[in-house]
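> what follows is a predicted protein model with its sequence.
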Amino acid sequence: MADEYPHLFQPLTLRHKTLRNRIVFGAHTANMAEQGLPGARHLGYYLERAKGGAAMIVVEPVPVHATTVLTRGNFRHADDVLVPAFRPITEACKSEGAVMIQQLYHVGAHGDFDNSYRPAWSPSGMPSYHDADGSHAMSEAEIEEIIEGFAEAARRAQEAGFDGVEIFAAYNALIEQFWLPWSNRRDDRWGGSFENRMRFSTELLSRIRDRVGNDFIIGLAVSVDASVEVAMHIESLAKIVAWHDERRLMDYVTCGTGSYFNFGELIPTFQYPDKLGAPLAEALKRVVGHARVQAESHIRTPESANYTVASGQADMISIVRGQIADPHLANKTRAGRAEDVRGCISCNQMCWGRRSRDYWISCLINPSAGREFEWGGDRFTRTAAARQVLVVGGGPAGLEAARVAAERGHRVILAEAGPYLGGAFRLAGMQPRRSQIIELIDWYDRQLAKLGVEVRLNCLLDADEVSAIGVDAIVLATGSQPTGTGFQRQRPAADRLEGVERSNVWSIEDVMSRTARLGKRVLLLDDTGDWRGGGTAWHLAERGHEVVIVTAQPMIGYWIQRTAGDGTLRARLAQLGASWHTESVLTAWHGNGATLRSLLDGRESRIDADALVLATTNVSDASLAEELADSGLELHVVGDAVAARLAVHAIYEGRVVGMQL
């Protein structure tokens, strides 16, 4: 019950509103707008979190000016049509008990011409860290135009039913660019002295208060980036926040991590420690006397959130990815069911990963995210006619299919050939810092037990045995297997790597299951550019192997770029002594080394190695599906058994078939 988390479920007064608990669904770009307007997808997405118990919801940022449109899913700027478009969302979420805030932003120099078709405006015309563009140094008239843009956006938010606005000053966006001497090199009243550099935000926040009156919350979003000398450090930020607090310019301040200089910490992956932002919030708590302080950045779990409040580090906690993964995190925790919260695995694959490609966001472990208006959220309608269902395979596709089918009232048997649930997904969870995957598999285990699913481990079934069980429907989630061929995409005419049949050739599954017998120097062929290769290389390097990676792609972790985790991976590999050859392929394995060919100039060289590890695309294990194809049984094939892919595809397809049965 809530008694287990007494600090997390205390109410909190924020100006004219009382929050029902300390859990906030913080601002992030869901990127779901259509023609610049919120619609059914937005309504379903935010309403599900309001129903789930979030005390306050900060709806994604609205650009305040044409020069800062950043994504194709952004809302319209400077347009009163937003007022009636947002009202259904604010009214629905407030009726569920959530306080509704709208974030407003201008990113300054870091604009996106591809979406805005405008030059980026900034204090001093400094270069963009979003792309290779320069920016336009604003005139005083243009500064006034932006301030008025913020004030008018706040007015629209109030008329649309929002309880307040959050002003985006984080990540080296426009407001922070005015604050920092590096980006503010003006010699007029908007730059130079500390007081002058504070003038823009002071005028902006004051104008908003004048425009909206007293019964309206004003928040300020800030961040710290200690990794870059010229970026915002906590000492400078504390002084800035204290300045604004003394003048009572904001009602709360929320502090994150990272910046456009160091994108990896903006939305920290599993590579970063938990509670990354808590010490920063604590530092700001020490300098404010009026504003409430919110902690954010990798505070994933109710336990961490409760501790952060209980220890006095923060008044509120922004849990974004955690409530994307489980919209009912707050209510489950309040009801004493924290063990039922489906924990975010900090992978970034479908939240930031989709946003980075300018799509609307979703979630690897909760495919309902972004589809609530179609699927009704992660809540399932009970079937009118319960059936007996057999799920073959206990990887992510099978686990999700079994769970959803059982949630809907079907009687489910889950047969897994191995001794543990999880399949190859469990092996991924054995890579460095990826134990959150194991936690997710354990969550499935608990859910299946509560739902009465009969789990049979060490149960390898053939076609006759499947038929003999006698069920109404069969879900085949038999996964995939390594090909062992060494096929490389940049050598499409070579079906097999020459010499791949020689000794000391292993798959990443062999490595992570600890069946591989490797020498000191390991050559890893990475043809996928994702965590299959990168995480296995990290694992090997941590265990003392001398790792050499070969990839045809221009960098290690090429497909991890979408999650902003690639740079941190390369840094860790370099620290561990790993080396790599990019834009290269292997043409032969000799048993004690390989021939390397550059894709740039065709030159060949030899790499000595004790073992070769293949991180290549698997092939579907479809043998059981083929054997049962003419059986007359109702068959559904999902996940890697259809095509070898990632866990996101498997969980999505498991969810879909579970809802269809």
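Looks like it arrived, so ask away.
> please, where are all the strands along the stretch 51-200 of the chain?
Assigned by DSSP state E, counting those that start in this stretch, the stretch 51-200 of the chain shows strands spanning 56-63, 99-105, 121-122, 136-137, 164-168.
> hang on, I meant the stretch 401-550 of the chain
Using DSSP E, counting those that start in this stretch, strands in the stretch 401-550 of the chain cover 411-415, 454-456, 473-476, 480-481, 505-507, 521-526, 546-550.
> now those as TSV including mean neighbour count?
C-beta here means a position set from N, CA and C on the backbone, and glycine is covered the same way. As requested, the strands of the stretch 401-550 of the chain are exported to TSV (neighbours: other C-beta atoms under 10 Å):
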stretch	mean neighbour count
strand 411-415	23
strand 454-456	16
strand 473-476	25
strand 480-481	20
strand 505-507	20
strand 521-526	24
strand 546-550	22
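> adding mean pLDDT and distance to Pro273, write those out as a markdown table.
As requested, the strands of the stretch 401-550 of the chain are exported to a markdown table (pLDDT from 0 to 100; distance: least, C-beta to C-beta, whole Å):
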| stretch | mean pLDDT | distance to Pro273 |
| --- | --- | --- |
| strand 411-415 | 98 | 34 |
| strand 454-456 | 98 | 33 |
| strand 473-476 | 98 | 38 |
| strand 480-481 | 97 | 33 |
| strand 505-507 | 98 | 31 |
| strand 521-526 | 98 | 26 |
| strand 546-550 | 98 | 24 |
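> for Ala310, which of these is the nearest?
Relative to Ala310, the nearest member of the strands of the stretch 401-550 of the chain by C-beta to C-beta is strand 454-456, separated by 37.1 Å.
> how about the secondary structure of the residue nearest the centre of the chain?
Geometric centre of the chain, nearest residue: Asn348, 2.8 Å, by C-alpha atoms, centre = their mean. Using DSSP: H, G, I helix; E, B strand; the rest coil, the structure places Asn348 in coil.
> from Arg300, how far out is it?
13 Å (C-beta to C-beta, to the nearest Å).
> hang on, Thr563 packs against Gln271?
No: between Thr563 and Gln271 there is no contact under C-beta atoms under 8 Å: 10.0 Å.
> and stretch 139-147, what's buried?
Using 16 or more other C-beta atoms under 10 Å as the test for burial, stretch 139-147 gives Ile143, Ile146, Ile147.
> can you name the residues that contact Glu203?
Neighbouring residues of Glu203 by C-beta atoms under 8 Å, 6 or more residues apart in numbering: Ile147.
> switch the strands of the stretch 401-550 of the chain over to CSV; also include distance to Thr381.
Converted to CSV, the strands of the stretch 401-550 of the chain look like this (distance: least, C-beta to C-beta, whole Å):
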stretch, distance to Thr381
strand 411-415, 17
strand 454-456, 23
strand 473-476, 17
strand 480-481, 32
strand 505-507, 41
strand 521-526, 43
strand 546-550, 48
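> His649: which of those strands is closest?
strand 480-481 (11.1 Å).
> centre of the chain to that closest one, how far?
Put simply, strand 480-481 sits 27 Å off its chain's centre (C-alpha atoms, centre = their mean, to the nearest Å).
> ok, what's across the strand from Thr595?
Ala588, Arg606 (DSSP bridges).
> quick check, it in contact with Arg606.
Yes: counting by C-beta under 8 Å, Arg606 is a contact partner of Thr595 at 6.0 Å.
> the two: which has the busier surroundings?
More crowded of Thr595 and Arg606, by other C-beta atoms under 10 Å: Thr595, with 17 against 12.
> tell me which stretches of the stretch 351-500 of the chain form helices.
Taking DSSP state H, counting those that start in this stretch as the test, the helices found in the stretch 351-500 of the chain are 352-355, 372-375, 396-407, 424-428, 435-450, 463-469.
> tell me the most buried of those helices?
helix 396-407 (a mean of 28; mean count of other C-beta atoms under 10 Å).
> what about Val389, distance to Gln575?
48 Å.
> same question but for Asn214, I mixed them up
Using C-beta to C-beta, Asn214 is found at 53 Å from Gln575.
> ok, now Ser304?
27 Å.
> for Cys351, same thing?
Counting by C-beta to C-beta - Cys351 and Gln575 are separated by 27 Å.
> cool, Ala238 as well?
Taken as C-beta to C-beta, the span from Ala238 to Gln575 is 31 Å.
> rewinding a little: what's the closest of the helices of the stretch 351-500 of the chain to Gly557?
Smallest distance to Gly557 across those (C-beta to C-beta): 12.8 Å, for helix 352-355.
> and Gln388, how many neighbours does it have?
Neighbours of Gln388 (other C-beta under 10 Å): 14.
> domains in this protein, by residue range?
Using automatic domain parsing, the domains assigned to the chain come out as 2-16+61-316, 388-478+640-660, 505-617.
> dump those into TSV; add distance to Asp630 as well.
As requested, these are exported to TSV (distance: least, C-beta to C-beta, whole Å):
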stretch	distance to Asp630
domain 2-16+61-316	44
domain 388-478+640-660	10
domain 505-617	29
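> to Asp340, which of these lies closest?
Nearest of the domains of the chain (C-beta to C-beta): domain 388-478+640-660, 7.3 Å.
> ends of the closest one, how far apart?
14 Å (C-alpha to C-alpha, to the nearest Å).
> likewise for stretch 111-128?
7 Å.
> likewise for stretch 581-595?
Using C-alpha to C-alpha, one end of stretch 581-595 lies 12 Å from the other.
> can you list contacts of that stretch?
Residues contacting stretch 581-595 (C-beta under 8 Å, 6+ apart): 486, 488, 490-491, 494, 497-500, 502-505, 523, 525, 548-556, 596-600, 604-610, 612.
> flag every buried residue along that stretch.
Buried residues in stretch 581-595 (16+ other C-beta under 10 Å): His581, Thr582, Ser584, Val585, Leu586, Thr587, Ala588, Trp589, Asn592, Gly593, Ala594, Thr595.
> of those, which pair is most distant in space?
Thr582 and Asn592 (23.5 Å).
> tabulate the buried residues of stretch 139-147 in JSON lines, adding columns for distance to Trp531.
Output for the buried residues of stretch 139-147, formatted as JSON lines (distance: C-beta to C-beta, whole Å):
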{"residue": "Ile143", "distance to Trp531": "45"}
{"residue": "Ile146", "distance to Trp531": "41"}
{"residue": "Ile147", "distance to Trp531": "45"}
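> of Ser304 and Gln575, who's got more company?
A direct count of neighbours by other C-beta under 10 Å for Ser304 and Gln575 places Ser304 higher, at 17 against 9.
> what's around the nearest residue to that one once chain neighbours are set aside, how many residues?
Leaving out its chain neighbours, the residue that sits closest to Ser304 by C-beta to C-beta, 6 or more residues apart in numbering is Lys275, at 5.3 Å. Using other C-beta under 10 Å, Lys275 has 20 other residues around it.
> the strands in the stretch 251-400 of the chain, which residues?
Counting by DSSP E, counting those that start in this stretch, the strands of the stretch 251-400 of the chain are 252-257, 292-295, 316-318, 388-392.
> those strands: which one's closest to Leu476?
Ranking these by proximity to Leu476 (C-beta to C-beta) places strand 388-392 first, at 5.2 Å.
> so what does the closest one touch, helix or strand wise?
Contact analysis of strand 388-392 by 3 or more C-beta pairs under 8 Å, 6 or more residues apart in numbering; DSSP states H and E lists helix 396-407, strand 411-415, helix 463-469, strand 473-476 as its packing neighbours.
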